[in-house]
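J.: Sequence and predicted structure, then a few things I'm wondering about:
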Amino acid sequence: MTARGLIVAAPHSGAGKTTVTLALLAAFARRGVAVHSAKAGPDYIDAAFHAAVTGRASVNLDSWAMPAKLLDALAAQAARGADLLVIEGVMGLFDGAPGASRRRGATADLAAHFGLPVVLVLDVARQAQSAAALVRGFTAHDPTVRIAGVILNRVASERHRGLIADAIAALGVSVLGALPRDAALALPERHLGLVQAGENADLKNLTERLAATAERHFDLDAIAARAAPLTINDATHAPALPPPGQRIALASDRAFSFVYPHVIEAWRRAGAEVLTFSPLADAPPPDVADCCWLPGGYPELHAGKLAAAQRFADGLRRFAQTRPVHGECGGYMVLGQSLEDEAGHVHAMVGLLGHSTSFARRKLYLGYRSARLLGDSVLGRSGTVLRGHEFHYASLQSEGGDEPFAEVADAQGRSLGKAGGRRGCASGTFFHAIAQEGQRGQAL
């Protein structure tokens, strides 16, 4: 393993991790560095931005949902052929689920496991020298997590930058860069996170602006010098999820975009063929497929167009007469009877399952989940335990009368009851699967 790596983290969400990560990726790529990326945690959207900048899929690394062997295999895959691997953290550096050390889904778990230094991004919009006290705490909190330097974000002026940099330098910690307040660097947001990379018409120009900003405001040589070799215990291939079929029809467009690269890669490694189609283009699943997968995404933003897509709906219903169809989160919503959009308009969905959902009465559902399958399905045999997460604002208006898909618990093992539905060849759930339970006793 010749690649060196580092982790971009922050004290809290919203500090600018994604902006700094994209700026680093763009700047190093412009220098001719073979730079690859990964995303801590279960986020789809940030990883898609990484891929748009580097031209290479960005894998997710999650210490709560993934067995240690899978983590190592994915990190080795991400680092293969790279000069530099940049891992973007999730939430605050030490934030994670309650539980065993190094199994909490925290960015710090990855830093300790892979032996990688952390570049800490500080939002200093409302402070000056007090930032040094924050840095002092982060450097001392966990001796297995090394802060290699900090990047200041939302700096108001050169005087503001100097006050903070001098206070932090007195701790023996390097300030590796300082981003000014600049609305032109902001990434547009909506519910569930950033507006997706594929919907950003200005992404090429934004990438150029980020690269130029990093070249002007970061010490790129010092940042690269602080990267360290990855410590990987076992780089052999470790499967995440078994393929649901030999030929998998995968819905793929702006309404259905939340697919983990490591899951698709696991399917292909197992010999499966993935055939994409677009429900928004009114395309049915390819008839040569033996399974159809509707991933999560934003069907609530396209409910009217999906309701009018009769070729898609009729084709999916025919498909489900003889072959399995599974929906995750947004896909699950589309498999139901109806979807109420933000304005309160109710749109008929495919109707392969009996539930109805609403985005008008929004409520946040967020957290890690373990799910025990209550019947044989495309995700495994009855009794199989999966790890994954939920993140949605839509709620069930009506549960319907289908058999439940899984029994679900939160990250602490507290039962959340039965969830999802299955009827005939159709199944679905709000739960996003990341990996099978695996050998959870393996220590990081």
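T.: Now that the structure is in, tell me what you want to look at.
J.: low-scoring pLDDT stretches of the stretch 301-444 of the chain, where are they?
T.: Residue ranges of the stretch 301-444 of the chain with pLDDT under 70: 438-444.
J.: would you list every one of the strands in it?
T.: According to DSSP state E, counting those that start in this stretch, the stretch 301-444 of the chain carries its strands in the segments 325-328, 338-340, 346-348, 356-358, 365-373, 385-392, 395-398, 406-409, 415-419, 421-423, 426-429, 432-436.
J.: Among those, which comes closest to Ala214?
T.: In terms of Cβ to Cβ, the element of the strands of the stretch 301-444 of the chain nearest to Ala214 is strand 385-392, at 29.4 Å. (C-beta placed from N, C-alpha, C; glycine too.)
J.: what lines up beside the closest one in the sheet?
T.: According to DSSP bridges, strand 385-392 forms sheet pairs with strand 365-373 (antiparallel), strand 432-436 (antiparallel).
J.: wait, which of those is closest to Ser415?
T.: Of the strands paired with strand 385-392, nearest to Ser415 by Cβ to Cβ is strand 365-373, at 10.1 Å.
J.: tell me the angle that closest one makes with strand 415-419.
T.: Orientation of strand 365-373 against strand 415-419 (axes from the mean of the first three to the mean of the last three Cα atoms, to 10 degrees) gives an angle of 70 degrees.
J.: so how far is strand 365-373 off the chain centroid?
T.: Centroid separation between strand 365-373 and its chain, computed with Cα atoms, centre = their mean, to the nearest Å, is 15 Å.
J.: which one of the strands paired with strand 385-392 is the most hemmed in?
T.: Among the strands paired with strand 385-392, strand 432-436 has the highest mean neighbour count (mean count of other Cβ atoms under 10 Å), at a mean of 23.
J.: what's it in contact with?
T.: 42, 60, 62, 65-67, 70, 240-241, 258, 260, 263, 296, 328-329, 371, 379-380, 384-391 (Cβ atoms under 8 Å, 6 or more residues apart in numbering).
J.: can you do 6 Å?
T.: Contact with strand 432-436 is made by 65-66, 70, 240-241, 328-329, 379, 386-389, as judged by Cβ atoms under 6 Å, 6 or more residues apart in numbering.
J.: which one of those sits closest to Leu301?
T.: Once Cβ to Cβ is applied, the member of the contacts of strand 432-436 that ends up nearest Leu301 is Cys329, at 13.6 Å.
J.: The closest one touches Phe430, doesn't it?
T.: Yes. With contacts counted by Cβ atoms under 6 Å, Cys329 reaches Phe430, the gap being 5.2 Å.
J.: shared neighbours of those two, anything?
T.: Residues touching both Cys329 and Phe430 (Cβ under 6 Å, 6+ apart): His392.
J.: Turn the strands paired with strand 385-392 into TSV, columns for distance to Leu116.
T.: As requested, those are arranged in TSV below (distance: least, Cβ to Cβ, whole Å):
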stretch	distance to Leu116
strand 365-373	23
strand 432-436	21
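J.: Of all these, which one is nearest Ala283?
T.: strand 432-436 (23.5 Å).
J.: tell me the domain ranges of the chain?
T.: 4-229, 247-436 (automatic domain parsing).
J.: Save the ones you listed as TSV, and put in distance to Thr236 too.
T.: Output for the domains of the chain, formatted as TSV (distance: least, Cβ to Cβ, whole Å):
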stretch	distance to Thr236
domain 4-229	6
domain 247-436	12
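J.: so which of these comes closest to Ala235?
T.: Between these, domain 4-229 lies closest to Ala235; by Cβ to Cβ that is 3.7 Å.
J.: Which among the strands of the stretch 301-444 of the chain is found nearest to Arg4?
T.: Distance to Arg4, taken as Cβ to Cβ, is lowest for strand 432-436 among those, at 26.6 Å.
J.: now the closest one, how far from the chain's geometric center?
T.: The answer for strand 432-436 is 12 Å, by Cα atoms, centre = their mean.
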